[in-house]
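> Next comes the sequence, and after it the predicted model I'd like to discuss.
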Amino acid sequence: MEPQKVPLLKTVRVLVTDACNLRCKRCFNEGYPNRGTYFADKETLVDAFARLGEPIQSIKVTGGEPLMHPHIDEVVSAFTEIAPTSLTTNGLLLRHKAADLAPEVPITVSIYGTRADEFAQYTQMPASVFEKVTEQLRVVNEWDDRTFRANIIIQPRKQWSVLRYVRFLEEFSFSTVRFLTLLGPEKDSVAYLKNLQATVEFLEQYTESEPSDDPSIRSFDAGNVEYQLVVQYDEFDADVRDRFGFVWIGPRGEVYQNKDESVFSTRGFTQPRS
Ligand SMILES: C[S@@+](CC[C@H](N)C(=O)[O-])C[C@H]1O[C@@H](n2cnc3c(N)ncnc32)[C@H](O)[C@@H]1O
Ligand code: SF4
């Protein structure tokens with residue numbers, strides 16, 4: 001008898017726009033080289049899903065900054081018909097745009113600093129933008145009908161910043177706090193590896209929960225908050241990549257995959273301004 005072919009479980013990351021209102025120094029822009037003001041058309045994206053024609057485990061709405069999309073509520077609603085959907089944002093437009101999104105969609109807010117100077121340095125924006133984002137976090141913190149998660153990129157030269165982030169986030173009720181390993185040219189630097197080690201040591205103080213179905217995530221249960229360490233797809237072993245494929249859909253409906261070398265090349269990274 002022919003062995004049965006097991007379908008891939010796919011997480012599809014959709015860049016609904018390549019526009020953004022921050023200029024983060026190490027942004028990998030989902031490996032997408034064009035940065036502009038292109039907003040994806042809902043029909044184009046839904047067609048791209050139809051072309052994929054494979055079972056889809058989950059959809060992650062990303063960008064660019066997805067809340068800049070003028071019809072993000074309609075786009076997200078269309079995705080919820082296809083698979084469980086979540087959205088990741090830098091938080092700048094949170095209070096004005098998040099309330100329109102389908103309530104079952106969890107929102108992940110990326111946190112780019114615990115202080116105005118740190119935020120400004122990383123995002124290359126005026127320090128006042130930090131206060132704007134923090135204010136929005138305070139407002140949505142009062143909403144109890146939606147799940148909010150936080151993403152923090154583990155940065156080089158920031159040893160022990162993990163403690164600062166944990167304390168900063170205590171003010172807000174994020175259900176999950178995720179530390180993301182870094183993608184990009186600095187990911188093998190000694191400074192980065194030291195900080196990664198410090199983060200892992202911190203997380204290991206908590207009881208590790210059941211292994212997740214998702215090979216990229218290690219979970220650490222700390223009572224009200226679940227901490228997670230998210231390992232990037234370029235670090236998976238080949239056999240894991242085969243079973244757990246990532247797919248991206250770009251704002252013009254292009255489909256690209258983690259098999260595609262260009263996703264991991266540096267061409268998608270923002271060049272820091274000199
Ligand atoms: C490209 S952003 C797009 C969504 C939104 N603009 C934001 O910043 O959350 C999606 C996620 O990728 C993360 N990210 C960006 N550059 C990264 C890098 N070089 N390594 C690891 N994660 C990165 C961000 O922190 C964010 O959580
Ligand atoms: S990581 Fe920063 S620059 Fe990149 S898309 Fe998100 S907010 Fe914009």
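Right, received. Where do you want to start? Ligands and ions are numbered 1, 2, ... in the order given.
> Flag the shaky bits of the stretch 101-250 of the chain, pLDDT-wise.
159, 208-211, 241-245 (pLDDT under 70).
> what does it put close to ligand 1?
By Cβ under 6 Å from any ligand atom, the residues of the stretch 101-250 of the chain that approach ligand 1 are Ser110, Asn151, Ile153, Leu180, Leu182, Leu183, Gly184. Bear in mind the C-beta positions are built from the backbone N, C-alpha and C, glycine included.
> For the fifth one, grab the count of nearby residues.
One way to gauge burial is a neighbour count; for Leu182, by other Cβ atoms under 10 Å, it gives 20.
> sorry, back to before: got the residues of the stretch 101-250 of the chain next to ligand 1 as CSV, with secondary structure columns?
Compiled in CSV, these are given as follows (DSSP: H, G, I helix; E, B strand; the rest coil):
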residue, secondary structure
Ser110, strand
Asn151, strand
Ile153, strand
Leu180, strand
Leu182, coil
Leu183, coil
Gly184, coil
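> Can you tell me which of the residues you listed lies closest to Lys97?
For those, the residue nearest Lys97 by Cβ to Cβ is Ser110; the value is 15.2 Å.
> Verify the stated contact: the closest one with Asn90.
Yes - if you go by Cβ atoms under 8 Å, Ser110 and Asn90 touch, sitting 5.4 Å apart.
> So which of these two has more stuff around it?
Using other Cβ under 10 Å as the criterion, Ser110 and Asn90 rank with Asn90 on top: 26 against 22.
> From ligand 2, how far off is the more buried one?
Distance of Asn90 to ligand 2, given as Cβ to the nearest ligand atom, to the nearest Å: 4 Å.
> contacting residues for that residue?
Cys20, Asn21, Leu22, Cys24, Glu65, Val109, Ser110, Tyr112, Thr123, Val133 (Cβ atoms under 8 Å, 6 or more residues apart in numbering).
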